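Colleague: Here is a sequence together with a model predicted from it:
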Amino acid sequence: MSDAASAAGLRDEPFQPEVLESTLAYRGAVWDVRDDRVRYGDGEIRRQYVDHTGAVAVVALDDEGRVLLIQQYRHPIRCRDWELPAGLLDVEGEEPLLAAQRELAEEADIVAAHWEPLLSTYTTPGGNSEIIHVFLATGLARADAVHSRIDEEADIRVAWVPLSEAADAVLEGRMRNAVLSIGVLAAERRLGATRTDGGASASGSAQGGTRAGGA
C-alpha cells in the first residue's frame, strides 16, 4: 500500500513532456480529435484525444434553496438526462463567468444577481482536454427576453428541486450526469459549511433576489 498523506498537501501537478508530433486525426463539427506522440520516461507513448474548447455550468439556487435542473436528450447515451444549465466556451475571448451568465439566460431565461466560482473539474482527462468551470448563482430573476431554442434544446424540461433532494437523487443513482453530480454535491457542501460557520446560506444572501422558480 502507498504511504498515507494529508489531503491538504495534495494537488494536481502541471507536467509538460516533450510532444514529438501532434496531428489532426479528425476534424469534427464541434470538436476535433488529435493524435499525439509523446516522449515519456525512457520511451514513447501515443495518445488520441478530443481537443475540447472547455465549458461552463451553473448551480442556480432560488431563495427557497431549490436548484434549477434541466432535462434534455443526449444522443451518445440515448437518454434524456438531468443536467445543470451548461454550455461550451466557444466564443473567442469570452471569460468563463460571462459564458455562464449567457448560458443560464439562453437555456432557462434566468439571470442572477450574485455569482461565485464553485469549482473547476476535468471531465474525462484520459480522453479529452475539457475543463468545466462550475459557478454558484443566486439572487435569481426572470430574464427580460425569452430565448428561442432548437434541436435538443427545443423540448428542454425544467425543474426546481430542493438541493438536498437533488443530492439524494445523485447518490441513489437516479441522476448520473457527472457535472450535475459534482456541482450539486459541491454546492450542498459549500452551503452546509456556510451555515456551520454561522453565516447566511448562499440562497438567502442575495439582497432583493426575485423568486424565479415555478410553483
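Modeller: Good, I have the coordinates.

Colleague: State whether Q101 is indeed within a helix.
Modeller: Yes: assessed by DSSP: H, G, I helix; E, B strand; the rest coil, Q101 belongs to a helix.

Colleague: Please give me every residue in contact with the closest residue in space to D109 that isn't next to it in sequence.
Modeller: The shortest distance from D109 to any non-neighbouring residue, by CB to CB, 6 or more residues apart in numbering, is to A143 (4.6 Å). All C-beta spots, glycine's among them, are computed from the backbone N, C-alpha and C. By CB atoms under 8 Å, 6 or more residues apart in numbering, the residues touching A143 are A105, D109, I110, V111.

Colleague: Using TSV, lay out these together with pLDDT and distance to V67.
Modeller: As requested, the contacts of A143 are arranged in TSV below (pLDDT from 0 to 100; distance: CB to CB, whole Å):
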residue	pLDDT	distance to V67
A105	93	17
D109	92	16
I110	95	12
V111	96	16
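
Colleague: Tell me which entries of those lie within helices.
Modeller: Among those, DSSP state H puts A105 in helices.

Colleague: Show me the contact partners of the helix or strand in which Q72 is found.
Modeller: Q72 belongs to strand 66-74 when assigned by DSSP states H and E. With contact meaning CB under 8 Å, 6+ apart, strand 66-74 is reached by 58-62, 79-85, 107-108, 110, 140, 152-153, 155-163, 166, 180, 184, 187, 212-213.

Colleague: one step back: how far away is the residue nearest to D109 from V161?
Modeller: A143 sits 21 Å away from V161, going by CB to CB, to the nearest Å.

Colleague: What of L24?
Modeller: According to CB to CB, L24 stands 42 Å off from V161.

Colleague: residue at max distance from the center of the chain?
Modeller: D42 (37.2 Å; CA atoms, centre = their mean).

Colleague: hang on, D36 packs against S22?
Modeller: Yes: counting by CB atoms under 8 Å, D36 does reach S22; the two are 4.7 Å apart.

Colleague: show me what contacts V19?
Modeller: By CB under 8 Å, 6+ apart, V19 lies in contact with D36, R37, V38, R39.

Colleague: Next one, pLDDT for the second one please.
Modeller: Going back to what we said before, that points to R37. With respect to pLDDT, R37 scores 98.

Colleague: give me the number of residues near it?
Modeller: By other CB atoms under 10 Å, 15 other residues sit near R37.
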